[in-house]
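Asks: Sequence first, predicted coordinates after that:
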Amino acid sequence: MNKNATSKLVVRFLGIIAILILLSPLYYGYVIKGFTSTWRWIIDWHADPNYRSYTSYAIKIPKKYNIHGIDVSYYQGKIDWKRVREMKEDDVRITFAIIKASEGVLSVDPYFQRNWREAAKAGIVCGAYHFFRPQKSGEWQARFFLQTVKFEPGDLPPVVDIEQLNGVAPAQMRKELTAFIRVVEKRIKVKPIIYSGITFYKDYLRGYFDEYPLWIAHYHQPKLNLDASTKWYFWQHSDRAKISGINHVVDFNAFKGDSLSFYQLLIQ
């Protein structure tokens, strides 16, 4: 065989190999993966390395936290808690859920009992919160909340959600909130968690309830803008997360400590 014929054969052989590679789904997978990685690198250029985008959750999540959770109410509709528990991207998965139970002195969240039962059944650590109305009696709101929720060992401490003055003076709000907290703490034997937005907390709560664990809302930021001395445990850092098994966007939260401190916080 002469050199010309050999060269043509080699070229033809290489051409066949090239065609096979181009037709292979593995090739396209490699190309797409490379393109995706490059695009992610471009998007994250100059981004805070501790505040990473997670595609499946459709949000950015602070990286230094290991325990993550959501909070839900009737707004999220019927939830498939098994799918919520199974969802995972890298090391991020849903460990806890804080569920709305009641509001004021008359309103029970219509999905509370189902969420409370089904989330626990799926293996998610549960907490319950009461949406506080400052113009109503704090004592009666606490009694109503405790009639709605039967707390057990292994649950997160009760949560009181205070976000509004509802036309009352700050001092009156704090008086009724104190009454609520005292009733709950006496009954459950743990300090309730106080939830609020960062601005409301700084304006009306800071310096008055410093011995109680805090859950603070401060959205779409790489870090929570509070003093190191502030006794916060939970940070609601996004209100736009997408979670498998839930048809509406969800609030996403991070716990400040490690797994040991998380489980020590639970009702014993």
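Replies: That came through fine.

Asks: Tell me how many other residues crowd residue 208.
Replies: Counted by other C-beta atoms under 10 Å, the residues lying close to residue 208 total 15. The way it works is simple: take the backbone N, C-alpha and C, and place the C-beta from them, glycine included.

Asks: now it, what's its secondary structure?
Replies: coil (DSSP: H, G, I helix; E, B strand; the rest coil).

Asks: Name the nearest residue to it, sequence neighbours excluded.
Replies: Using C-beta to C-beta, 6 or more residues apart in numbering and skipping residues adjacent in sequence, the residue nearest residue 208 is residue 174, 5.6 Å away.

Asks: pretty sure the one you found is in a helix, no?
Replies: Yes - assessed with three-state DSSP, residue 174 lies in a helix.

Asks: Please write out the alpha-carbon positions of the helix or strand encompassing residue 254 in PDB.
Replies: Secondary-structure assignment from DSSP states H and E places residue 254 in strand 250-255. Extracted in PDB, the C-alpha atoms of strand 250-255 (Å, rounded to 0.1, in the frame of the first residue of the first chain):
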ATOM      1  CA  VAL A 250     -41.000  29.600  50.400                       C
ATOM      2  CA  ASP A 251     -39.000  31.400  53.100                       C
ATOM      3  CA  PHE A 252     -35.600  29.800  53.500                       C
ATOM      4  CA  ASN A 253     -33.700  29.800  56.800                       C
ATOM      5  CA  ALA A 254     -30.300  29.000  58.200                       C
ATOM      6  CA  PHE A 255     -29.400  27.900  61.800                       C
END
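
Asks: Now do it: which elements does it pack against?
Replies: With contacts taken as 3 or more C-beta pairs under 8 Å, 6 or more residues apart in numbering; DSSP states H and E, strand 250-255 sits against strand 59-62, strand 67-72, strand 92-103, strand 232-241.

Asks: so which of these gets nearest residue 267?
Replies: strand 92-103 (12.9 Å; C-beta to C-beta).

Asks: distance of residue 110 from residue 212?
Replies: Computed with C-beta to C-beta, to the nearest Å, the distance linking residue 110 and residue 212 is 29 Å.

Asks: I figured residue 68 hits residue 256, correct?
Replies: No - taking contacts as C-beta atoms under 8 Å, residue 68 lies outside contact range of residue 256: 11.7 Å.

Asks: of these two, who's got more company?
Replies: Set residue 68 next to residue 256 and count neighbours by other C-beta under 10 Å: residue 68 wins out with 20 against 17.

Asks: List the buried residues in stretch 206-224.
Replies: 206, 209, 212-218, 222, 224 (16 or more other C-beta atoms under 10 Å).

Asks: Measure how far that stretch is from the centre of its chain, please.
Replies: 15 Å (C-alpha atoms, centre = their mean, to the nearest Å).

Asks: tell me the mean pLDDT over it?
Replies: Per-residue pLDDT over stretch 206-224 has a mean of 95.

Asks: what residues does stretch 202-220 touch?
Replies: Applying C-beta atoms under 8 Å, 6 or more residues apart in numbering, the contact partners of stretch 202-220 are 60, 98, 157, 159, 162, 165, 170, 173-174, 177, 181, 191-198, 201, 224-226, 230-239, 251, 253, 265.

Asks: make that stretch 114-126, sorry
Replies: Contacts of stretch 114-126 (C-beta under 8 Å, 6+ apart): 69, 72, 78-79, 81-82, 84-85, 94-99, 101, 128, 149, 154-156, 266.

Asks: circling back: the helices and strands packed on strand 250-255 into a markdown table, with extra columns for distance to residue 49 and mean pLDDT?
Replies: Output for the helices and strands packed on strand 250-255, formatted as a markdown table (distance: least, C-beta to C-beta, whole Å; pLDDT from 0 to 100):
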| stretch | distance to residue 49 | mean pLDDT |
| --- | --- | --- |
| strand 59-62 | 11 | 95 |
| strand 67-72 | 18 | 98 |
| strand 92-103 | 16 | 98 |
| strand 232-241 | 16 | 97 |
